[in-house]
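J.: Got a sequence here, can you model it:
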Amino acid sequence: MGTTSGYDVIVVGARVAGAATAMLLARQGLRVLAVDRARFPSDTLSTHQVQVPGISRLVRWGLLDALAAAGTPATRRVRLDFGPVVLKGCFPPYAGADALYSPRRTVLDALLVDAARAAGAEVREGYFVDDVLWAGSRVVGIRGHARGKPAAAEAGRLVVGADGKHSLVADAVAAPTYRHRPAATLACYSYWSGVDLPAGELYQRSGRAVAAFPTNDDLAMVYVAAPIAEFSAFRSDLEGHYLKALDQCGDLGDRVRAGRRAERLRTTPDLPNYVRVPTGPGWALVGDAGLVMDPVTAQGIGNALRDAEVLADAVMAALGGGQPPDAQLASYHRRRDAASLEMFDFTVNLAALRPSRAADQRLLASLQGRPAEIDRFLGVFAGITPIRAYRSPANIARILGLRGLASMAAAALGQSLRGSSG
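T.: Now for the predicted structure:
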């Protein structure tokens, strides 16, 4: 097998997490190789939403204008429909951004791959990784091949697994999983033309969560979540069950039927929830390879962009101090978990798709007619408003306008937010 003189970093997987990591490191002058079995543009299953903190990173990296120029609409207003309670609001501004975007992955992934190449990274599409290479207990590269070509070894001082929830890199290094929850939902979505959608829409019903957001090509992405226990029944009549769920959401079913389905329904029960140790000697994991959660809160793309930036910061801190690129990876692990574990737990609770309790409804009803409070509530789901602070007894008492509320009662109300969903 042939070898090269080596790269500073090899990134396995070149979609959101991988391309962003490659771009950020290449912009710092590192020699970066990014590989992916796909060729871009290409599609993949996705929640589509890039939450406001993720958009703030695209602004900082100089990429949002290109995303907008590709016809990706901004969503600033959102309608939250919990059945008895309907809230309408806007996302709180965050670090130069005030909207989420819901790009097709054919658009977003290709944009990031192009940005990685423009930064100086070498990107190989249609490339298959066969294994990682070791020197003792340390990862030192990969072995892989392009279709129809012989396998070759590539040396790297750091190998980054950005290859998704079924990561070859994570399996090869036996990355430990220290937080795991069983899959709770199935996802079913498609794209519709001619749907009147003046704002992003989120619905919670008993046993269902529904989302509708504008995306590229003047299409609406309409998504249904249902309990995974119903997968066999759901699959037996996909369109029937999908439309029945929309019919529970006000006039959404009528508006969707007035339009035209542009593509097939995409459906999957493969929605795990786990957190992996993301670092080891010569290797790191980023994006879904290291942490994945149910799409009900649509955090995946934003998490991938954040983790790419935090990992790149750790690598550059190590190199700036004359150390190997993985010398500061413990800081990446700490920062990733500090930013994501509360949302992980919050998401797993929402994915249970339980009906709202009386305490939830009381809290939600108290927000009606209070735009600033609705926006703060939206900020919880966008990853802007800290969950722990929002659920605190003092904050719940403030929202409800209560004085002298017993601490146990306030704590119970705060805890009840775990069961509410956007």
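J.: Quick one: low-confidence residue ranges for the stretch 1-150 of the chain.
T.: The model of the stretch 1-150 of the chain has pLDDT under 70 over residues 1-5.
J.: Show me where it has its helices.
T.: Per DSSP state H, counting those that start in this stretch, the stretch 1-150 of the chain carries helices over the ranges 16-27, 52-60, 64-69, 105-119.
J.: Now do the contacts for the residue lying closest to residue 287 once chain neighbours are set aside.
T.: Of all residues not flanking residue 287 in the chain, residue 17 sits nearest, at 2.7 Å (Cβ to Cβ, 6 or more residues apart in numbering). All C-beta atoms are positioned from the backbone trio N, CA, C, and that covers glycine. Applying Cβ atoms under 8 Å, 6 or more residues apart in numbering, we find residue 17 in contact with 162, 286, 287, 288, 289, 304, 305, 307, 308.
J.: Next, give phi and psi for the nearest residue to residue 259 once chain neighbours are set aside.
T.: Ranked by Cβ to Cβ, 6+ apart and with sequence neighbours excluded, the top spatial neighbour of residue 259 is residue 194, at 3.6 Å. Residue 194 adopts backbone torsions of phi 70, psi 20, taken as degrees, to the nearest 10.
J.: in the host helix or strand of residue 188, what counts as buried?
T.: Residue 188 belongs to strand 185-193 when assigned by DSSP states H and E. Within strand 185-193, the residues scored as buried using 16 or more other Cβ atoms under 10 Å are 185, 186, 187, 188, 189, 190, 191, 192.
J.: Quickly name whichever of those is closest to residue 211.
T.: Nearest to residue 211 out of the buried residues of strand 185-193 is residue 189 (Cβ to Cβ; 8.2 Å).
J.: Contact partners for the residue lying closest to that closest one once chain neighbours are set aside?
T.: Spatial nearest neighbour of residue 189, excluding adjacent residues (Cβ to Cβ, 6+ apart): residue 223 at 3.9 Å. Taking Cβ under 8 Å, 6+ apart, we find residue 223 in contact with 47, 187, 188, 189, 210, 211, 212.
J.: Who is the second one paired with across the strands?
T.: It stands for residue 187. Following DSSP bridges, residue 187 is listed with bridge partners residue 225, residue 268.
J.: quick one: it and residue 271 touch, right?
T.: Yes - Residue 187 lies in contact with residue 271 (Cβ atoms under 8 Å); the separation is 6.2 Å.
J.: Common neighbours of the two, please.
T.: Counting by Cβ under 8 Å, 6+ apart, the shared contacts of residue 187 and residue 271 are residue 295.
J.: rewinding a little: could I get the phi/psi values of the residue nearest to residue 189?
T.: Dihedral pair for residue 223: phi -120, psi 140, per degrees, to the nearest 10.
J.: Going forward, the N-terminal residue is numbered 37.
T.: Okay, using 37 as the starting number, the last item reads as residue 259.
J.: separation between it and residue 85?
T.: Distance of residue 259 to residue 85, given as Cβ to Cβ, to the nearest Å: 9 Å.
J.: what sits in contact with each of the two?
T.: Common neighbours of residue 259 and residue 85 (Cβ under 8 Å, 6+ apart) are residue 247.
J.: how does this protein divide up, domain by domain?
T.: 43-84+140-216+309-381, 221-304, 394-455 (automatic domain parsing).
J.: So which of these has the densest surroundings on average?
T.: domain 43-84+140-216+309-381 (a mean of 21; mean count of other Cβ atoms under 10 Å).
J.: how long is stretch 93-110 from one end to the other?
T.: From its first residue to its last, stretch 93-110 covers 15 Å (Cα to Cα, to the nearest Å).
J.: ok, and for that stretch, which residues are buried?
T.: 93, 94, 97, 99, 100, 103, 106, 108, 109, 110.
J.: how about the fourth one, phi and psi?
T.: Okay, so that is residue 99. phi -110, psi -10.
J.: unless I'm mixing things up, it is touching residue 151, no?
T.: Yes - using Cβ under 8 Å, residue 99 is in contact with residue 151, at 6.0 Å.
J.: quick revisit: mind telling me the two of the buried residues of stretch 93-110 farthest from one another?
T.: Farthest pair in those (Cβ to Cβ) is 97 and 109. Separation: 20.1 Å.
J.: coming back round to it: which residues sit in contact with the residue nearest to residue 295?
T.: Neighbouring residues of residue 230 by Cβ under 8 Å, 6+ apart: 294, 295, 296.
J.: Between these, which sits nearest residue 358?
T.: Nearest member of the contacts of residue 230 to residue 358, counting by Cβ to Cβ, is residue 295, at 59.0 Å.
J.: Could you tell me the per-residue confidence at that closest one?
T.: What the model reports as pLDDT for residue 295 is 98.
J.: List of residues touching the helix or strand residue 214 falls within?
T.: Taking DSSP H and E as the definition, one finds residue 214 inside strand 213-217. Contacts to strand 213-217, defined as Cβ under 8 Å, 6+ apart, come from residues 308, 309, 310, 311, 312, 313, 377, 380, 384.
J.: So of those residues, which two are at opposite extremes in space?
T.: Farthest-apart pair in the contacts of strand 213-217 is 313 and 384; separation 19.0 Å (Cβ to Cβ).
J.: In the stretch 337-458 of the chain, mark out all the helices, start to finish.
T.: 365-386, 394-403, 407-418, 423-426, 429-436, 443-452.
J.: Looking at these, spot the one closest to residue 350.
T.: Checking the helices of the stretch 337-458 of the chain against residue 350 by Cβ to Cβ gives helix 365-386 as the closest, at 4.0 Å.
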